[in-house]
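1. sharing a model prediction with you, sequence too.
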Amino acid sequence: MTTAASAPDPTDVAVLAARAADAKKAGPTVILDVGALIGITDRFVITSGTNDRQVRTIAEEVEARLKVGSGRGPLRIEGLDDARWVLMDYGDVVVHVFLEETRRYYDLERLWSDARRIDWDPDADRVDARGADRAVLEA
């Protein structure tokens with residue numbers, strides 16, 4: 001069981017999820033710091049695939065990498081059946097994997113435009129909100 005003292009930083013978890021999506025050739029992946037705006041989660045990871053098979057593959061890769069990299073499984077996953085919008089709830093991080101047309105329709109980046117975007121590097125070991133490299137995520 002993860003305690004508050006040993007819980008991975010939400011930004012690290014979000015970056016790990018973004019890298020998992022990137023590994024499966026996801027569309028542009030955005031991390032938003034929504035904690036101050038909604039209070040029920042800290043980070044949104046928003047990404048997309050070109051077809052339902054790719055959306056499922058991205059969601060499966062995110063789940064697998066977060067399990068290995070942070071020791072966490074999702075609290076809940078919604079939308080895998082039709083794979084137009086898969087929502088993966090990790091508590092402090094929510095991953096949205098969209099079909100591209102569904103992503104354009106709902107446009108969460110515009111809806112949450114007041115949220116700070118967190119830069120991440122798909123090639124670095126760890127990148128925090130300030131962009132500084134960090135060591136591997138510790139569970």
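-> Looks like it arrived, so ask away. Numbers count the residues shown, from 1 in each chain.

2. give me the contacts around stretch 24-42.
-> 10-11, 14-15, 18, 21-22, 43-50, 54, 57-58, 61, 89, 91-94, 97, 100, 103, 108-109, 112, 114-118, 120, 129 (C-beta atoms under 8 Å, 6 or more residues apart in numbering). C-beta coordinates here come from the backbone N, C-alpha and C atoms, glycine included.

3. over to stretch 95-110?
-> Contacts for stretch 95-110 (C-beta under 8 Å, 6+ apart): 17, 21, 26-27, 30, 32, 44-52, 55, 58-59, 62, 83-88.

4. which of these count as buried?
-> 17, 21, 26-27, 30, 32, 44-49, 55, 58-59, 62, 83-88 (16 or more other C-beta atoms under 10 Å).

5. how many residues are close by residue 115?
-> 20 (other C-beta atoms under 10 Å).

6. which SSE is the nearest residue to it once chain neighbours are set aside in?
-> Spatial nearest neighbour of residue 115, excluding adjacent residues (C-beta to C-beta, 6 or more residues apart in numbering): residue 32 at 4.1 Å. For residue 32, the enclosing helix or strand under DSSP states H and E is strand 30-33.

7. that strand pairs with which strands?
-> Using DSSP bridges, strand 30-33 pairs in its sheet with strand 43-49 (antiparallel), strand 116-117 (antiparallel).
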